[in-house]
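1. Structure of the sequence below:
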Amino acid sequence: MARIDFYILAQADERARHMLACKLAEKAWRLDNSVWIHAKDRRDAEHLDELLWTFRDGSFVPHGLAGRNDGTEASPIIVGCDGDDVETRDLLINLTDEIPPFAEGFPRVAELVTSDETCRQLSRKRYAAYRDQGHELNTHNL
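-> Next comes the predicted model:
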C-alpha cells in the first residue's frame, strides 16, 4: 500500500497549489527521488513546466514535460497530464480532481488541496477512496 499525504492549503487559488507542487518536487529531487507531477490539462502542465524554472530565485529543478520528446524524458521530474505511458516514480504529485488510474504504481502520492470548497469536497472523496483501498493516509495543514 502507498503512503498518501494530503496537503491542505489556507489559500483558495490554484497558484498556491502550483507553488507547493514545485516546492515538493524540488524537495523530493534533493532527496534523490523521482517525481511525476500530474496536471489537470496541457495548459496547466506547460504552466508548471515554466514555473519550475522561476518559482524561486536561483532555483534549478531538472524536469521535463511529458510528450515533448526534447531529450528531457529521463529527467528526475516529469510534468504531464495524460495517463498514457506514465512511468512509475518515487512520488506522484496529483493536481487533478480524481485519483489517476496509474496512482497505484507509486509508493507515495501527494494530494494538494486548496481552501476552495469544491476542491475540498473532491479531495474528501479521494481521501475516502484511498482509505477504502487500505492506503496509509496523512494530513498536513499548511
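2. which other helices and strands contact the lowest-mean-pLDDT helix or strand in the chain?
-> Ranked by mean pLDDT, DSSP states H and E, the weakest helix or strand in the chain is strand 63-65, scoring a mean of 83. The contact analysis (3 or more C-beta pairs under 8 Å, 6 or more residues apart in numbering; DSSP states H and E) places strand 63-65 against helix 42-54, strand 77-80. All C-beta atoms are positioned from the backbone trio N, CA, C, and that covers glycine.
3. For the ones you listed, give me TSV that also has mean neighbour count and distance to residue 34.
-> Below are the helices and strands packed on strand 63-65 laid out as TSV (neighbours: other C-beta atoms under 10 Å; distance: least, C-beta to C-beta, whole Å):
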stretch	mean neighbour count	distance to residue 34
helix 42-54	17	14
strand 77-80	26	7
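4. Residue 126 is nearest to which of the ones you listed?
-> Nearest to residue 126 among the helices and strands packed on strand 63-65 is helix 42-54; the distance by C-beta to C-beta comes to 17.7 Å.
5. Let's see the closest one as PDB, backbone CA atoms only.
-> Output in PDB follows, covering the C-alpha atoms of helix 42-54 (Å, rounded to 0.1, in the frame of the first residue of the first chain):
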ATOM      1  CA  ARG A  42      -1.900  20.500 -21.100                       C
ATOM      2  CA  ARG A  43      -2.200  24.200 -20.300                       C
ATOM      3  CA  ASP A  44      -1.500  23.600 -16.600                       C
ATOM      4  CA  ALA A  45       1.300  21.200 -17.400                       C
ATOM      5  CA  GLU A  46       3.000  23.800 -19.600                       C
ATOM      6  CA  HIS A  47       2.500  26.400 -16.800                       C
ATOM      7  CA  LEU A  48       4.100  24.100 -14.300                       C
ATOM      8  CA  ASP A  49       6.900  23.400 -16.700                       C
ATOM      9  CA  GLU A  50       7.700  27.200 -16.800                       C
ATOM     10  CA  LEU A  51       7.100  27.700 -13.000                       C
ATOM     11  CA  LEU A  52       9.600  25.000 -12.100                       C
ATOM     12  CA  TRP A  53      12.300  27.400 -13.600                       C
ATOM     13  CA  THR A  54      11.000  30.500 -11.900                       C
END
